[in-house]
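Colleague: task: produce atomic coordinates for the following.
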Amino acid sequence: MAVEIVQGRAQPQAALKRAWQFRELISGMAKREVLGRYKGSWLGLVWTLLTPLLLLLVYMFVFGVIFQARWPQSDGVDGNFAALLFCGIIAFFMFSEVLTRSPRLIVDNTNYVKKVVFPLDALIWVAVATALFHFLISFLVLLAFVLVSGVGVSVYLLYFPLITALLVVFLLGLSWFLSALGVYIRDVSYIAGFLSTALLFLSPVFYPASAVPERFRFLMDLNPLTFYIESYRSIAVLKQAPDLMNILLASGVALGVFAIGYWFFQRVRKGFADVL
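Modeller: Below you'll find the model as predicted:
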């Protein structure tokens, strides 16, 4: 069994120390992964900007022109539906990428487990950083769209770093847990794929949470994606401040998932080499 450079502890603060210690490795691997995704294509990294832009234009045409759809909170302003929908889509895509990829992160990198001395928890930072990069590009496209369409931005956009930081913390914990569990239970990857598809419709991506019937509203409250999707819509399009109580609750959930996920990863990592 490979012995890692620094024997990791299960405390959450140790995760941050190790991330800082291996920051150059993490940034280098994340950069290589982003560039490798578009390797061989004519436009290369331009696709990171072009893909969300084309997607937003498709939403605007289909829902704004063909269906003439209007969001309940958009006051009927043309273009708002596409922007509000796009907020939900890009937040969900970031979550979905981490959810579906995590169960096989360690399984697909067995060479790091068996053959070389390597900080395995860095793989989780790389996966989340890659998803974050594409999310930020998409969010910049969204901001450009709301500016051009005349909706404009508000001071509440200052909440963006806080909300995104909480989302990253939540996804790190989720990825640590799923990547470790996926080593021992390979079915986790199939379950994650199903959950990703189900959550696309069970999360307020194509509709506001307020549109859900009252008797099912508790499902929206239990869904951690609800806070992030609704918050991004509020600060980027609706020009509203996120609810402070919801921010506090989301912070508690994110920190709790982060701590549990890292603890579980460190707890079971010693058996990775035996299983793989």
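
Colleague: what sits against the closest residue to residue 97 other than its chain neighbours?
Modeller: In space, not counting the residues next to it along the chain, residue 97 is nearest to residue 131; the distance is 4.4 Å by Cβ to Cβ, 6 or more residues apart in numbering. The way it works is simple: take the backbone N, C-alpha and C, and place the C-beta from them, glycine included. The contact partners of residue 131, by Cβ atoms under 8 Å, 6 or more residues apart in numbering, come to 94, 97, 98, 171.

Colleague: name the element residue 131 belongs to?
Modeller: Using DSSP states H and E, the element containing residue 131 is helix 122-148.

Colleague: buried residues in that helix?
Modeller: For helix 122-148, the buried set under the neighbour-count rule, 16 or more other Cβ atoms under 10 Å, comprises 122-135, 137-139, 141-143, 145-146.

Colleague: what's the answer for stretch 13-33, then?
Modeller: Judged by neighbour count using 16+ other Cβ under 10 Å, the buried positions of stretch 13-33 are 14, 15, 18, 19, 22, 25, 26, 29, 30.

Colleague: export these as CSV, with columns for pLDDT, distance to residue 178 and secondary structure.
Modeller: Putting these into CSV (pLDDT from 0 to 100; distance: Cβ to Cβ, whole Å; DSSP: H, G, I helix; E, B strand; the rest coil) gives the following:
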residue, pLDDT, distance to residue 178, secondary structure
14, 85, 20, helix
15, 87, 16, helix
18, 89, 19, helix
19, 91, 18, helix
22, 91, 21, coil
25, 92, 22, helix
26, 93, 19, helix
29, 93, 19, helix
30, 93, 19, helix
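
Colleague: returning to that earlier point: redo the contacts of residue 131 as a markdown table? Include secondary structure, pLDDT and distance to residue 269.
Modeller: Formatted as a markdown table, the entries for those read as follows, by DSSP: H, G, I helix; E, B strand; the rest coil; pLDDT from 0 to 100; distance: Cβ to Cβ, whole Å:
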| residue | secondary structure | pLDDT | distance to residue 269 |
| --- | --- | --- | --- |
| 94 | helix | 96 | 25 |
| 97 | helix | 94 | 23 |
| 98 | helix | 96 | 19 |
| 171 | helix | 97 | 19 |
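
Colleague: which of the residues you listed sit farthest apart?
Modeller: Farthest pair in the contacts of residue 131 (Cβ to Cβ) is 97 and 171. Separation: 9.2 Å.

Colleague: so for the two, which sits in the more crowded spot?
Modeller: Neighbours of residue 97 and residue 171, each counted by other Cβ atoms under 10 Å, are more numerous for residue 171; the result is 26 against 19.

Colleague: for the more buried one, which residues are in contact?
Modeller: By Cβ under 8 Å, 6+ apart, the contact list for residue 171 reads 94, 95, 98, 128, 131.

Colleague: and the last one, what pLDDT?
Modeller: This means residue 131. pLDDT, the model's per-residue confidence, is 95 for residue 131.
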